[in-house]
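*Asks:* Any chance you could fold what I've pasted below:
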Amino acid sequence: MYSILKDRLDFSVKNRWKDNSGFIYLVFSVEELSKILDAGIRTVVRYKKSLNKYKLIFEKKMGQGKPNRIYILKPELSNNHKCQDGTFLGMPKIHF
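*Replies:* Presented below is the predicted three-dimensional model:
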């Protein structure tokens, strides 16, 4: 899901979708993601919660009946995830 959202970011850049602070966002409804991922709505919501939890996306609610604005964040490695000899140590497990 993160890759799909990241790819969609190019579309937002092209269309100059920026908020008042100048941050680029994208709009992707849960239903649209559900179709693309061939997954149920509950599954998509669970995926989005995981991406939020691991700080890979941030969502801003736009109001009832409107899709949220999604901001794509860059993944960061903490000290627990240092690379040694080309392999990652302590990579967090993401459960969807």
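*Asks:* which non-adjacent residue is nearest Leu26?
*Replies:* Leaving aside its chain neighbours, Leu26 sits nearest to Ser12 (4.5 Å; criterion: CB to CB, 6 or more residues apart in numbering). For the C-beta atoms, the positions are set from N, CA and C on the backbone; glycine is no exception.
*Asks:* what about the one you found, distance to Lys60?
*Replies:* Ser12 sits 14 Å away from Lys60, going by CB to CB, to the nearest Å.
*Asks:* Now do the strands in the protein.
*Replies:* Here the chain has its strands, by DSSP state E, at 26-27, 57-60, 69-72, 83-84, 87-88.
*Asks:* before we move on, the earlier item: count of neighbours near the residue nearest to Leu26?
*Replies:* The tally of other residues near Ser12 (other CB atoms under 10 Å) stands at 19.
*Asks:* any idea how far it is from Leu5?
*Replies:* 10 Å.
*Asks:* so what's in contact with those two at the same time?
*Replies:* By CB atoms under 8 Å, 6 or more residues apart in numbering, Ser12 and Leu5 have these common neighbours: Leu26.
*Asks:* rewinding a little: what's the residue nearest to Leu26 in contact with, if anything?
*Replies:* Shown in contact with Ser12 (CB under 8 Å, 6+ apart): Ile24, Tyr25, Leu26.
*Asks:* now Tyr47
*Replies:* Contact partners of Tyr47, counting by CB under 8 Å, 6+ apart, are Met1, Leu33, Leu37, Ala39, Phe96.
*Asks:* Leu73 now?
*Replies:* Lys55, Leu56, Ile57, Phe58 are the contacts of Leu73 under CB under 8 Å, 6+ apart.
*Asks:* cool, Ile4 as well?
*Replies:* Going by CB under 8 Å, 6+ apart, Ile4 touches Leu33, Ile36, Leu37.
*Asks:* switch to 10 Å and redo it
*Replies:* Phe28, Leu33, Ile36, Leu37 (CB atoms under 10 Å, 6 or more residues apart in numbering).
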